[in-house]
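> compute the structure for the input listed below.
(one chain, ligands or ions: 1)
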Amino acid sequence: MAHDILFTPLRLGAIELPHRVIMAPLTRMRSGVGGTPTPLNVEYYAQRATAGLIFTEDTTISRQAQGYPSVPGIFTPTQILGWRAVTDAVHADGGRIVMQIAHNGRNSHSSFMPDGELPIAPSAIPPTGQAHKPNFEPVDYETPRALETKELPEIVVAFREAALNAMDAGFDGVSVQGGNGQLLEQFLEDGTNRRTDAYGGGIENRARLLLDVVDAVSGAIGAERLGVRLSPYGQFGGISDSDPLSLFTYVITELSKRRIAYLHLIEALGSEIGLSDDLHVGAVNNATLFRSFFDGPLISAAAYTPESAAATIEAGHADAIAFGRLFIANPDLPERIQRNAPLNSPNRATFYGGGAEGYTDYPSLP
Ligand SMILES: Cc1cc2nc3c(=O)[nH]c(=O)nc-3n(C[C@H](O)[C@H](O)[C@H](O)COP(=O)(O)O)c2cc1C
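You can find the predicted model right below:
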């Protein structure tokens, strides 16, 4: 099948894309000491510079925001310098790269926290599944500490500072992680948010922290360089909401008013972090469900093939498609799609942690 529609240009706010095959954010747990990108990370991103746009892996906005071993941050001068080498290499190869900034909230462990304190969350409800300590050892999740209201402005400031640091490091823009069961989504959904202050209760209150963050980042770097990732109907870490349709309709309508550069929706059909190839058959289609509430470019992700990606854009359900696992295995994914060349298969065993194997050694076309 022809995929011509994938290879038409697209504008996301201030960012011009030559085509619509985007690299999704992918945590790979291979950062250097102190959450600083290494030359290996530079090589990995530079190999993928032909993507219409690269999203970085989730990058933590503070020490408290960390939830996994060997992930990068964007809150120290050394981290900024490390990322500068990444953006320089991607730009030198003609690419574009946006940093996804994130706070894991309860999806963490006290071994990552300053002073070994408990991880934080809107309410003291632990996630399902297991955490991994800094040495990758699996461990049961702890019950997080509920944030005090007076602490919330510090979180907003940390997102704002992280966004400014990302721009200092040479990124083309910033994406706020509002999905995948992380802190901002923990505030959005009533399965994780039982607060009784202005940040809990009704939908407007639960959406307040995300929208405060968006307003603060937008004020710092400009809405035309800011996007948001959401995962309506996602289930990561056991997250849930009693009325996702009303919740996300409100959130997406509010984001639309703020004229951000794009909205990035993860489809509930796929696994949020690619833990399995199983599809959530019967899942609602977020792109079609929420498209009419966002007046701007929509990126859709999860479980796409080149064929379904082209068909989705053709049908007007999204403007661009972000590929995760296919970009892990195919550094030259756009060229392979365009030439109808065979695709390499990703090796799940090397997704997280390790070195060059399964990271920078997938072959490009000759
Ligand atoms: C190894 C791995 C790491 C991921 N890390 C992130 C991440 O840091 N942030 C995020 O928003 N999504 C993350 N995801 C989800 C992907 O961005 C994407 O939505 C998901 O893999 C579904 O797309 P796919 O079917 O094309 O792989 C990850 C997925 C995988 C497989």
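> ends of stretch 30-37, how far apart?
8 Å (CA to CA, to the nearest Å).
> and it with the ligand, contact?
No. Under the criterion of CB under 6 Å from any ligand atom, the ligand is not reached by stretch 30-37; the shortest gap measures 11.1 Å. In this view, the C-beta of every residue, glycine as well, is placed from N, C-alpha and C.
> next: stretch 47-59.
Yes. Residues of stretch 47-59 are located near the ligand by CB under 6 Å from any ligand atom, namely Glu57, Asp58.
> what's the first-to-last distance across that stretch?
With CA to CA applied, stretch 47-59 spans 20 Å between its terminal residues.
> next one: it to chain centre, how far?
Here stretch 47-59 is found 11 Å from its chain centre; the criterion is CA atoms, centre = their mean, to the nearest Å.
> okay, now the residue of the stretch 101-250 of the chain found nearest the ligand: neighbour count?
Among the residues of the stretch 101-250 of the chain, Asn180 lies closest to the ligand, at 4.9 Å counting by CB to the nearest ligand atom. When neighbours are counted by other CB atoms under 10 Å, Asn180 registers 23.
> give me the pLDDT for it.
Looking at Asn180, its pLDDT is 95.
> same check, this time on Glu272
Per-residue pLDDT puts Glu272 at 60.
> do the same with the one 5 residues further on
Asp277 carries a pLDDT value of 68.
> ok, Val284 next?
Val284 is assigned 84 on the pLDDT scale.
> settle this for me: it is touching Tyr233, isn't it.
Yes. Counting by CB atoms under 8 Å, Val284 touches Tyr233, with 5.9 Å between them.
> comparing those two, which residue is more hemmed in?
Tyr233 (19 against 16).
> counting neighbours, what do you get for the residue nearest to Leu245 when sequence neighbours are not counted?
Nearest non-adjacent residue to Leu245, counting by CB to CB, 6 or more residues apart in numbering: Leu289, 7.4 Å away. Number of residues near Leu289 (other CB under 10 Å) recorded here: 19.
> wait, is Leu289 part of a strand?
No. Counting by DSSP: H, G, I helix; E, B strand; the rest coil, Leu289 falls outside a strand, being helix.
> can you list the buried residues in stretch 290-308?
Within stretch 290-308, the residues scored as buried using 16 or more other CB atoms under 10 Å are 290-291, 293-294, 296-304, 306.
> could you pick out which of those residues are near the ligand?
Under the cut-off given by CB under 6 Å from any ligand atom, the ligand has Ala301, Ala302, Ala303, Tyr304 from the buried residues of stretch 290-308 close to it.
> between which two of these is the distance greatest?
For those, the maximum inter-member distance is 8.5 Å, found between Ala301 and Ala303 (CB to CB).
> so what sits against both of these two?
When contacts are counted by CB atoms under 8 Å, 6 or more residues apart in numbering, Ala301 and Ala303 have Glu267, Gly270 as shared neighbours.
> next, give phi and psi for Gln64.
Note on Gln64: backbone dihedrals following degrees, to the nearest 10 are phi -60, psi -20.
> same deal with Gly73?
According to degrees, to the nearest 10, Gly73 has phi -120, psi 170.
> just give the number of residues close to it.
If you count neighbours by other CB under 10 Å, Gly73 ends up with 26.
> quick one: it and Thr60 touch, right?
Yes. The criterion here is CB under 8 Å, and Gly73 meets it with Thr60 at 4.5 Å.
> got any residues that touch both of those two?
Gly35, Gln66.
> wait, is Ser175 part of a strand?
Yes. Applying three-state DSSP, one finds Ser175 inside a strand.
> not counting sequence-adjacent ones, nearest residue to it?
Nearest to Ser175 is Gln100, by CB to CB, 6+ apart, at 4.3 Å.
> I'd guess the one you found is in a strand, am I close?
Yes. Counting by three-state DSSP, Gln100 is part of a strand.
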